[in-house]
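# Provided below are the primary sequence and the corresponding predicted coordinates.
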Amino acid sequence: MFSKFFNKNVDAAEQTPPSTQENASKGSLTFKDINPRVNLHYGIPSTASVMAFDPIQSLLAVGTLDGRIKVIGGDNIEGLMVSQKHFPFKYLEFLQNQGFLVSVSSENEIQVWDLEQRRIVSSLRWESSITAFSVIHGSSYMYVGDEYGMVYVVKYNAEESSLVPLPYYVPTSAIDGNVTPLPPLLMKIEWNKDICLCLISVHNKHWILLNSAEASGGSSSNQHSIVGVLPQPSSQGNRLLKSSSFCRVLIAYDNGLLILWDVSEDKVIVVKGNKDLQLTSKIAVNSQEELRQEEPSDDEQLEKEISALCWTSGSGTVLAVGYVDGDIMLWNLSTSVPSNGNDVVKLQLSSNASRLPVIVLHWRPKRPRDDCSGQLFVYGGDAIGSEEVLTILNLDWSAGIGKLKCIGRTDITLNGSFADMVLFTRGVSVDTTGILVLTNPGQLHFYDSACLSSLTSKEKKKVTVSPIEYPIAIPTVEPNMTAATLGLIRVEVNLLRALSEKIAAVKLRRVEVSGNTDWPLTGGIPSQIMEAENYQVERVYIAGYQDGSVRIFDATCPTISLYCVLGPEVKGTSIDAASAPISALEFCSAKLTLAIGNELGTVLLYDLTGTTDAMQLNCVTENGKEVYTVQGGDEPHCTAVFTFHTSPISTLQFLHSGSRLGVGFHSGRVALLDINTYSILFLTDSMSNSCSPIKSLDMRPSTETISVIKDLGQSETKCMDSSADQEVFVVTKDGQFVLLDGNTGKIIISQSLKAEDESIVVSMHIIDLTDFSQAYYPPLDSSKTACESGTTHGSDNPLNTDEEATSGASSCGKTAESFCLVLCCENALHLYSVSALQEGGTTPVETMNLSKPCCYATTFKKDDKDAGLIVIYQTGEIDVRSLPDFRLVGESNLMMIVRWNFKTNMDKMICSSESGQIMLVNGCEVASVSLLAFENDFRIPDSLPVLHDKVLEAAIDAAADNLSPSEKDKQGSLPGILGGILKGLQGGKVEEQKVGFPKVGKSNLTHLDTIFSNPPYLKPSSLNFDDDRNDVVELSIDDIDLDFDQHVVVEASSTEESNNEKKDKGKEREKLFEGATTDSKPKMRTVEEIKAKYGKEDAAGAAALARNKLAERGEKLERLSLRTEELQNGAEDFASMAQELAKRMEKRNKWWQL
């Protein structure tokens, strides 16, 4: 998806001459090797602004101001979805339990995200400005309100992965309360979904073209925009439909008008607005004063603009509305009780004339199915300039809405500025109740029911509480991260198996403990790779912190998990220096050894394998070494502590296959430690006259050939004694290059490699020239000093690239001529020959001037060979360049990939692997970015956690479809039912879930298809009904039509048809007794008369017909019995499935074991 970032280089690659293409086939880096992407992302983005919650899947979605959506589940399951457009989201809602998320951007584009594919699967650009949006609960239908006062219906078709605008709409004339339907004499209707036009044929003679406003009988002028669309919970519509839920919708206009519209009958049910205000009382809920009731003022009927609204009853009879002027009104929308003038009551949070608009309203009932009391959560409405709080009002209107009582008010002081909130209620996947509050920048806090109860019970009206903070997988701020490294595990099989078993055991214990956590989100399924028996650790991410602690994470898969925390204290010692902030980290993959350096100059060595036996701790100082015996354990243990210099450590580097550790200090001094003997080999003086900090350390062969270690697990081949001279390459921040004797620390060469006008050094790397084909770079001529590309070639010590030189290194060793040194400065890249540097040469072989200041650079490998260079600039831009010619292969930037702006000191937490995988930290966010197409160390997508649980979806749908209508009416909420079944089977106590909307199965929304597939007033005649037909319909066995290949279909005759049938029977009786009087006696008829009258040949024929009728009736009864038995078996199968599901849910949310 990021290929468009490199269009600039695509053309260049396509126009590459044959010689260059041939070089590419021999190992050179090409544009096709570049594919920037995000492998993992942890933390809440700082630009988070809106939330959505799926209570069945227990997933939270967080939308940002820059086009990202973060999906959060349980057990460190997180997923990041990025839109190509950098626009904020106005609305965000789940298609609950369906695996899709719907967003509306500020550019009025409706987008559907697939949680399985983690991308946008359909989008629809709306021509007008979308001012209101709502998804019908449990369905794929959406109401869209716009600036012109229109409400449309859009459906997401999952089979075709498309958003479909439907013909139905709410006409603009509904705002006046008078809707004149079109003539019913319509023969043909065609709906243009793209331009919202209705083409109607009347009597097959004329065609009428109407736009949405004209078709509704309204005017296109003076329209008020829609500010809210809320489907009414438990609403009832056309009773002839199989299901009548969600047939009514509450529409709020910007002028304060409220309309309850019935989509099944195409009419206004209730109209409320400023003209209907007849306030009998006003309640002041001032935080500074006692609660009191006041008389309404004379200006209450002024036009008020609506800013927020929510239902405050499960039946949809009471609506809370917030206004721009800070008022809150509770409207009674019930149609069952005649209005007595007490349909509305006002709440004010402050008596000040200038108040903040009411931004957010949410309602939580006191008890399940309680329509008269509960808590109203309010953000806004207080005096301008007051402290930012979230207000909780305890309301009760048991005696009627006109006698509403505000029992109490509580203000919660927030941690940051408010962004959004969602309510949690008990259900299938949610075991607690409370509210989740999003504040800036990117903070999530959960207030559970116990916390809220303690808040409302306190005497103080304004309190500060400690909510449950979001459990961040990788902490970056508290405590503050100061250093990080990414280490690959490359050890022999037995050692790897031991480490993997230890980490797996720690994870299992942590999962068991986390099962009792109070954090409410539990959705998602961890990767199956993580649960495999042969799982092996491949990668660790290590972070150091301000408080001296170090955290080690298993980063083998995108679901990162904590392995252990190394505290600042060292067991068995009383070294105070160990608690200083961490300044450098280095990991040895061959020996599983971790080196930690801090700002007080202390170096600590840890063995990651751990042991339960007693172990030795070596404390090394400038005066000698002391050995302590300490108790072992499963976690990594400290093997040595070096304290011999007090300057902060600037860099650490394992050398000589992990047997040596180079230490660079901020003071410019260098030390070399022997890891095998835990001794100090040497400590030099400052490498620079200015005491510039050491930037990089490395060790490479001297002019004599040395041993080469083959692949891990194989034997070593040595061409000479391992004690041969080693040389340490050192580069300081100011560009001073020093070559040290690896045994004594004696300076062999010291010279500056940086021009006077050049900036500081960023990093140093040594590459192997034998990894590159001879034809990859052109032969170097000493007469060449520059080229058109901006790359310059040195005049002395050119690279030896002929076959004799490359063949000079035998299979068991390589000469110094085989290596080059890459020096990365802020404004230039330099390439030096190692052999030339060892001889005192200072002229670079290659130089590339950079147009932007560089802050980080690292090399990477392809097929275990040095291949290229990644350069990150202070502007956030990223270059991928080939080696050794520094040719630009591709470029991107952090804004495109992860939507980050580069910040100061961000480069200190950047770390990378040799395969080009980069770990980045930005505030509370941690991301792993891969730039290379051939790199897939995380094995994506196989290793990604599953965000949407299809097993849970199937169980919920099966439960919904197997319930009878009467059971649904009694139970009201499917999550409560299934939760009751599961907990009942487990012997747990069931607490009923708060019901706002009934959960309906997918098969119970077919009536919406019928309603929304036609424009208003143009529904098929089969949907028309008489409101006066309220008699109970009785069914007989003869009304049932059974078919083994079809579902049971019940055809009910109407009451009118029943009455007509009675009249017909009466007429037949009159015909039967025609010519007879009531006083006459029964007259015996002959056989001929009976035959002539009824067409029967004889009495035997009539008896045979009666027998056939009886036999047919018996067959129907038998088939009905078989159907009943099948349904009973199906119910038993469902019960067994529920029992099995209950057994597998004994461990909280371990759905992946199904």
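Right, received. Where do you want to start?

# can you confirm S1121 is in a helix?
Yes. Counting by DSSP: H, G, I helix; E, B strand; the rest coil, one finds S1121 located in a helix.

# how confident was the prediction at it?
Note on S1121: pLDDT of 75.

# please apply the same query to A1100.
Per-residue confidence (pLDDT) for A1100: 63.

# kindly report the same for K32.
pLDDT, K32: 87.

# how about M1?
With respect to pLDDT, M1 has a value of 40.

# and the strands in the stretch 201-350 of the chain?
With strands called from DSSP state E, counting those that start in this stretch, the stretch 201-350 of the chain shows them at 206-211, 226-231, 248-253, 258-262, 267-272, 282-284, 292-294, 306-311, 318-323, 327-332, 344-348.

# quick one: low-confidence ranges for the stretch 251-400 of the chain?
Scanning the stretch 251-400 of the chain for pLDDT under 70 picks out 275-302, 337-341.

# what's the answer for the stretch 851-1000 of the chain, then?
Using pLDDT under 70, the flagged stretches of the stretch 851-1000 of the chain are 961-1000.

# strands of that one, start to end?
Under DSSP E, counting those that start in this stretch, the stretch 851-1000 of the chain gives strands at 854-862, 865-873, 877-882, 888-893, 911-912, 917-922, 925-932.

# out of these, which is closest to D266?
D266 lies closest to strand 925-932 among the strands of the stretch 851-1000 of the chain, at 49.2 Å (CB to CB). From N, CA and C alone the C-beta is placed, and that goes for glycine too.

# name the strands paired with the closest one and say parallel or antiparallel.
strand 34-42 (antiparallel), strand 917-922 (antiparallel) (DSSP bridges).

# neighbouring contacts of the last one?
Applying CB atoms under 8 Å, 6 or more residues apart in numbering, the contact partners of strand 917-922 are 39, 46, 476, 481, 484, 486, 541, 858, 870, 872, 894, 898, 900, 903, 906, 909-912, 926-931, 935, 937.

# cool, the first one as well?
The contact list for strand 34-42 (CB under 8 Å, 6+ apart) reads 1-3, 5-6, 70, 76, 78-80, 82, 472-474, 558-560, 878, 880, 889-890, 892, 896-898, 917, 925-933, 938, 940.

# in the sheet, who's paired with K267?
Bridge pairing for K267 - DSSP bridges - gives D262.

# one more: Y143?
S134, V153.

# counting neighbours, what do you get for it?
Using other CB atoms under 10 Å, the number of residues around Y143 comes to 22.

# give the contact list for it.
Contacts of Y143 by CB under 8 Å, 6+ apart are 132-136, 151-153, 229, 231, 249.

# let's see it at 10 Å
For Y143, the contact set (CB atoms under 10 Å, 6 or more residues apart in numbering) comprises 132-136, 151-154, 169-170, 226, 229-231, 249, 251, 263.

# against L455, how distant is it?
35 Å (CB to CB, to the nearest Å).

# so what's the nearest residue to L29 once chain neighbours are set aside bridging to?
Distances taken as CB to CB, 6 or more residues apart in numbering place S882 nearest to L29, at 4.2 Å, with adjacent residues excluded. Beta-bridge pairing of S882 under DSSP bridges involves G868.

# correct me, but S882 touches I870?
No. Contact criterion CB atoms under 10 Å: S882 and I870 do not qualify, at 11.3 Å.

# SS state for T1010?
helix.

# tally of neighbours for it?
16.

# swap in the one 3 residues further on?
Other residues lying near S1013 total 16 when counted by other CB under 10 Å.

# ok, it touching K1019?
Yes. Taking CB under 10 Å as the definition, S1013 is a contact partner of K1019 at 8.8 Å.

# mutual contacts of these two, please.
With CB under 10 Å, 6+ apart, S1013 and K1019 have common neighbours Y168.

# please report the distance of the residue nearest to G434 when sequence neighbours are not counted from S313.
Using CB to CB, 6+ apart and skipping the chain neighbours, the partner closest in space to G434 is D448 (4.0 Å). The gap separating D448 from S313 is 24 Å, by CB to CB.

# who has more neighbours, these two?
S313 (25 against 18).

# tell me the phi and psi of that one?
Per-residue torsions, S313: phi -150, psi 140 (degrees, to the nearest 10).

# before we move on, back to that, can you flag the buried ones in the contacts of Y143?
In terms of neighbour count (16 or more other CB atoms under 10 Å), the buried residues within the contacts of Y143 are 132-136, 151-154, 169-170, 226, 229-231, 249, 251, 263.

# now for the strand or helix carrying E626, which elements pack on it?
Assigned by DSSP states H and E, E626 belongs to strand 624-630. Packed against strand 624-630, as judged by 3 or more CB pairs under 10 Å, 6 or more residues apart in numbering; DSSP states H and E, are the following elements: strand 615-621, strand 637-643, strand 679-683.

# just the ones you listed: most buried one?
Among the helices and strands packed on strand 624-630, strand 637-643 has the highest mean neighbour count (mean count of other CB atoms under 10 Å), at a mean of 22.

# in the stretch 1-150 of the chain, which spans are helices?
7-14, 18-25 (DSSP state H, counting those that start in this stretch).

# and L163, what pLDDT?
pLDDT, read off for L163, is 96.

# who's in contact with the closest residue to it other than its chain neighbours?
Closest residue to L163 apart from its sequence neighbours, by CB to CB, 6+ apart: L124 at 4.2 Å. Counting by CB under 10 Å, 6+ apart, L124 makes contact with 104, 108-112, 144, 154, 156, 162-165, 193.

# return the members of these classed as buried.
Buried among those by 16+ other CB under 10 Å: 104, 108-112, 144, 154, 156, 163, 165.

# of all the residues you listed, which two lie farthest apart?
Maximum pairwise distance in those, criterion CB to CB, is 16.9 Å, between N108 and Y156.

# still on that earlier bit, for the buried ones among the contacts of strand 34-42, write the corresponding ChimeraX selection.
Buried residues among these (16+ other CB under 10 Å), as a ChimeraX selection:
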select :2,5,6,70,76,78,79,80,82,472,473,474,558,559,560,878,880,889,890,892,896,897,898,917,925,926,927,928,929,930,931,932,938,940
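
# circling back: what's the closest of the strands paired with strand 925-932 to H645?
That would be strand 917-922 among the strands paired with strand 925-932, by CB to CB, at 28.3 Å.

# just want the angle from that closest one to strand 865-873.
20 degrees (axes from the mean of the first three to the mean of the last three CA atoms, to 10 degrees).

# strand 917-922 to strand 877-882, inter-axis angle?
Going by the same axes, to 10 degrees, strand 917-922 makes 170 degrees with strand 877-882.

# put the alpha carbons of strand 917-922 into PDB.
Extracted in PDB, the C-alpha atoms of strand 917-922 (Å, rounded to 0.1, in the frame of the first residue of the first chain):
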ATOM      1  CA  GLN A 917      13.500  -3.800  11.200                       C
ATOM      2  CA  ILE A 918      13.300  -0.600  13.200                       C
ATOM      3  CA  MET A 919      11.800   0.000  16.600                       C
ATOM      4  CA  LEU A 920      10.600   3.600  17.300                       C
ATOM      5  CA  VAL A 921       9.200   5.300  20.400                       C
ATOM      6  CA  ASN A 922       7.100   8.500  20.300                       C
END
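
# out of the strands of the stretch 201-350 of the chain, which gets nearest to S128?
Nearest of the strands of the stretch 201-350 of the chain to S128, taken as CB to CB: strand 226-231 at 10.4 Å.

# show me what the closest one is packed up against.
Short answer (3+ CB pairs under 10 Å, 6+ apart): strand 226-231 packs on strand 130-135, strand 141-146, strand 151-157, strand 248-253, strand 258-262, strand 306-311, strand 318-323.
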